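J.: Fold the following for me, if possible:
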Amino acid sequence: MIQLAADLASRRLLQQLSDPEMDRRLTALASTGPVAAYAGFDPTADSLHVGHFMGILGLIYAQRNGIRPIAVVGGATGLIGDPGGKTTERPLLTRETVAANVEGLRNVLSRFLDFDHKTAPAQIVNNLDWFGSMTAVDFLRDVGRHFRLGAMLSKESVKLRMEQSVDGMSYTEFSYQLLQGYDFYRLYRDHRCVLQMGGSDQWGNIIAGVDLIRRMEGESGHAFGLTWPLMTTSSGQKFGKSEGNAVWLSAEKTTPFDFYQFWLRVEDADAGRYLRYVTFLNEAEIADLMKEQESAPEKRFAQKRLAEEITRLVHGDEPTRQAVSASEAMYGAGPRTLDAAAIEALRTQGVASVSIERAKLAKGWSAIDAAVESSLAKSKGEARRLIQQGGLYVNDLAVTDIEHRLTTADLVEDKAIVLRAGKKHLRLVYVQ
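T.: As a prediction, this is how the structure comes out:
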């Protein structure tokens, strides 16, 4: 018995569903042959970020229910730009940029989906495969005639743009829902894909695909759509590249250390929701963690478990261990935890580093100069204010005197010094 909608609902990951009987109907369809579900990822960058992670999880849950997961990378739609949830038009990317980004997305998605599953192997497809050879006349004649302007204008993404943007919406972006609708039809026809999943801002585009399948296939066209809530903070802020707060799923763009730290710092109000969204802990485990959190919020039990679980899921066991070790070294029991192993953990996590001559420490290196030369401060004036406000740390000890100088005595294992500005910005200073 397929329980995809039930599974997602139990994790608070179900927001809209085109058919309340979807699980039962999917089970009936699957009894006559394999069925598939898809989520789309437009290649606006060469990686995916945590805002996309909901889509990856949706595919994982589909595969766990015996449904073949299909990840569609939008080599064609990425050239247009999805207007969903945006009040301004996205900048158009070149074909070369989109092609390079598509490969980056393939690399990320391949870490999460099982392509060797015995009954429901995952698949990655590029919608440029069918749009690349289609002419505009063919598209308008064969696809466009099935869409009605009234329905298209009623879509939330369209109304939002028309109401909030001075420039309105271009025909290019207005046509996006036709392209995504046709994606669903082609996947339905070629891969027996009967379900499209996406964030709540995709509901209009998803329903456009469900309607198109019904129009083109008649009564035999059984297709479904569902959405999950957008990944936001408790204040309602989305995560994403255009929002300026992207946390990437690639170690090259966001190190495992920074990734772990991001989840470690989430607000108490968000911790329980994120534990349900992005981990596979059961409800009893989450409830226990939240009770511990309420009894001792300063210990951040929920955030630590959240950070460890999702970092392991995204980056694997060893990078997670190193991220935890590096975090404990910097923010745990104090400077005594800083040793050669901790320095190595920080280095492997991609913490930015600088090199200096040992003679500079022998003479005494001004803390103000250290902050500037390590790029923790842009100027000596900014470095002075940082120290006066208690925001500069040397080996996790706060510097309170603007005249303070670093010496060879500050070296950890006679090899490096850890500088920190505030809670987030680290530098490893190595001696030559």
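
J.: For the rest of this, base every contact and every neighbour count on C-alpha atoms.
T.: Will do.

J.: where's residue 7 relative to residue 55, distance?
T.: Separation of residue 7 from residue 55 (C-alpha to C-alpha, to the nearest Å) stands at 15 Å.

J.: These two: which has the busier surroundings?
T.: Neighbours per residue (other C-alpha atoms under 10 Å) separate residue 7 from residue 55, with residue 55 holding more: 21 against 17.

J.: so the more buried one makes contact with residue 48?
T.: No: Residue 55 lies out of contact with residue 48 (C-alpha atoms under 8 Å); the separation is 10.4 Å.

J.: can you map out the helices along the stretch 251-400 of the chain?
T.: 256-264, 268-278, 283-295, 301-315, 317-331, 340-348, 358-363, 367-373, 380-388 (DSSP state H, counting those that start in this stretch).

J.: which residues touch the shortest one?
T.: Which is helix 358-363. Helix 358-363 has contacts (C-alpha atoms under 8 Å, 6 or more residues apart in numbering) with 406, 407, 408, 431, 432.

J.: before we move on, what about the last one?
T.: For helix 380-388, contacts defined as C-alpha under 8 Å, 6+ apart pick out 368, 369, 371, 372, 376, 377, 392, 399, 400, 401, 402, 421.

J.: Next up, phi/psi of residue 49, please.
T.: Phi and psi for residue 49, reported as degrees, to the nearest 10, are phi -120, psi -180.

J.: separation between it and residue 251?
T.: Residue 49 sits 11 Å away from residue 251, going by C-alpha to C-alpha.

J.: now swap in residue 304 and tell me
T.: Separation of residue 304 from residue 251 (C-alpha to C-alpha): 20 Å.

J.: now residue 30
T.: On the measure of C-alpha to C-alpha, residue 30 and residue 251 end up 38 Å apart.

J.: for residue 270, same thing?
T.: 24 Å.

J.: Return the residues in contact with the nearest residue to residue 192 once chain neighbours are set aside.
T.: Spatial nearest neighbour of residue 192, excluding adjacent residues (C-alpha to C-alpha, 6 or more residues apart in numbering): residue 35 at 5.5 Å. Residues near residue 35 by C-alpha under 8 Å, 6+ apart: 26, 29, 67, 68, 191, 192, 193, 194.

J.: Identify the farthest-apart pair in those residues.
T.: Using C-alpha to C-alpha, these span at most 14.9 Å, a distance reached by 26 and 191.

J.: isn't there a strand covering residue 198?
T.: Yes: assessed with DSSP: H, G, I helix; E, B strand; the rest coil, residue 198 lies in a strand.

J.: pLDDT score for the residue nearest to it when sequence neighbours are not counted?
T.: Counting by C-alpha to C-alpha, 6+ apart, residue 198 lies nearest to residue 227, which is 4.9 Å off, once chain neighbours are set aside. Looking at residue 227, its pLDDT is 97.

J.: Please report how far residue 227 lies from residue 10.
T.: Separation of residue 227 from residue 10 (C-alpha to C-alpha) stands at 14 Å.
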